[in-house]
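Q: Kindly return the folded structure for what I paste below:
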Amino acid sequence: MPNFKKLLESTTNRLIAINVLVFFVMQNIFGDQRSGFELAFWLNPDFEIWQIVSSTFLHGGLGHLAFNMLALWSFGRVLERVFGGRRFLIFYLACGVGASLLHLAVSYYQFQIIYQQLISIGFSDVEMQNAISTFSVNSSSVEFSEEIKQQFYDLWSLYGSAVVGASGSIYGVLVAFALLFPNFKIVLLFLPVPIAAKYFVPVLLLIDLTAGLTGITIFGNNIAHFAHIGGAIIGFILVQYWLKQRQ
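A: Prediction:
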């Protein structure tokens, strides 16, 4: 029989246990419905400040949870030995918060661009506010085209979005691992050869950045790419800061 008390002495194992427990509790209580703990768009009335943290312990499905927890277990254990349990917990949470904040900032920027474009072609502020609050639009002053319809769909998607997942924290962990163990070979199921961490992580970030900027992704839809980038940035900053302290 495994010694669960011994296992839970590890911060990494505790984080995994919390994520797994939260997932199954939320599934049993809310199913596929929103719980209010997801990260809502910050202009949406559903937004609450604590969602910046709570959303990082939620997952959209079993596959999403399993992928993140496998990465956390694989790389987090090593970082915990380097940082210590307390500092690793701070690192993990900080990367998650950074991921949430960058996602909110980029979403707001994208929202404002579309909003101002629609204002510039003839929609009034009143019409826009009604369209946002009701998720429908009606205007006698503007002729609708497929492009305008798509702009409204994109606007509603940003306004009504809800983001979940520990991926931002995981990306911070990956960046830290690549900085501290650059030559460690990472083995992936879908690639026949091991890849050094110093190559794997930058390529992964480049793919995410490209997907976030262009909308063209190989990872699938409904992924908060800039949340990944946010977690990676915080991870990079913290590792660099702690390395300088050590020197």
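Q: OK, contacts around V20?
A: 65, 69 (Cβ atoms under 8 Å, 6 or more residues apart in numbering). (Glycine included, C-beta is placed from N, CA and C.)
Q: any idea how far I119 is from it?
A: 46 Å (Cβ to Cβ, to the nearest Å).
Q: Helix, strand, or coil at the residue nearest to L104 when sequence neighbours are not counted?
A: Excluding the flanking residues, the one nearest L104 by Cβ to Cβ, 6 or more residues apart in numbering is W42, at 5.1 Å. Recorded secondary structure, W42: coil (DSSP: H, G, I helix; E, B strand; the rest coil).
Q: Could you pull up the contacting residues of W42?
A: 104, 107-108.
Q: before we move on, what about S161?
A: S161 makes contacts with 40-41, 107, as judged by Cβ under 8 Å, 6+ apart.
Q: now L72
A: Neighbour list for L72: 12, 15-16, 19, 166, 169-170, 173 [criterion: Cβ under 8 Å, 6+ apart].
Q: try 10 Å
A: Contacts for L72 (Cβ atoms under 10 Å, 6 or more residues apart in numbering) come out as 12-13, 15-16, 19, 79, 92, 166, 169-170, 173.
Q: So S54 sits against F47, correct?
A: No. S54 is beyond contact range of F47, at 11.8 Å (criterion: Cβ atoms under 10 Å).
Q: Could you check how far the lengthiest helix in the chain is from the centre of its chain?
A: What stands out as the longest helix in the chain, according to DSSP state H, is helix 85-120. Relative to its chain's centre, helix 85-120 lies at 9 Å (Cα atoms, centre = their mean, to the nearest Å).
Q: How about stretch 200-208?
A: Using Cα atoms, centre = their mean, the offset of stretch 200-208 from its chain centre is 15 Å.
Q: buried stuff in it?
A: Within stretch 200-208, the residues that qualify as buried are 200-201, 204-205, 207-208, counting by 16 or more other Cβ atoms under 10 Å.
Q: would you list every one of the strands in the protein?
A: Here the chain has its strands, by DSSP state E, at 39-40, 162-163, 185-186, 195-196.
Q: tell me the average confidence for the last one?
A: To tie it back to what came earlier, the one meant is strand 195-196. The predicted model gives strand 195-196 an average pLDDT of 92.
Q: what lines up beside that strand in the sheet?
A: strand 185-186 (antiparallel) (DSSP bridges).
Q: Please enumerate residues in contact with the strand it pairs with?
A: So strand 185-186 is in contact with 74-75, 174, 177-178, 193-197, 199-201, 204, going by Cβ under 10 Å, 6+ apart.
Q: ditto for stretch 114-128
A: Stretch 114-128 is contacted by residues 129-132, 137-143, 145, 147-148, 150-159 when judged by Cβ under 10 Å, 6+ apart.
Q: and what of stretch 101-112?
A: Residues contacting stretch 101-112 (Cβ under 10 Å, 6+ apart): 39-43, 47, 51-52, 55, 132, 154-155, 157-159, 161, 163, 168, 212-213, 224-234.
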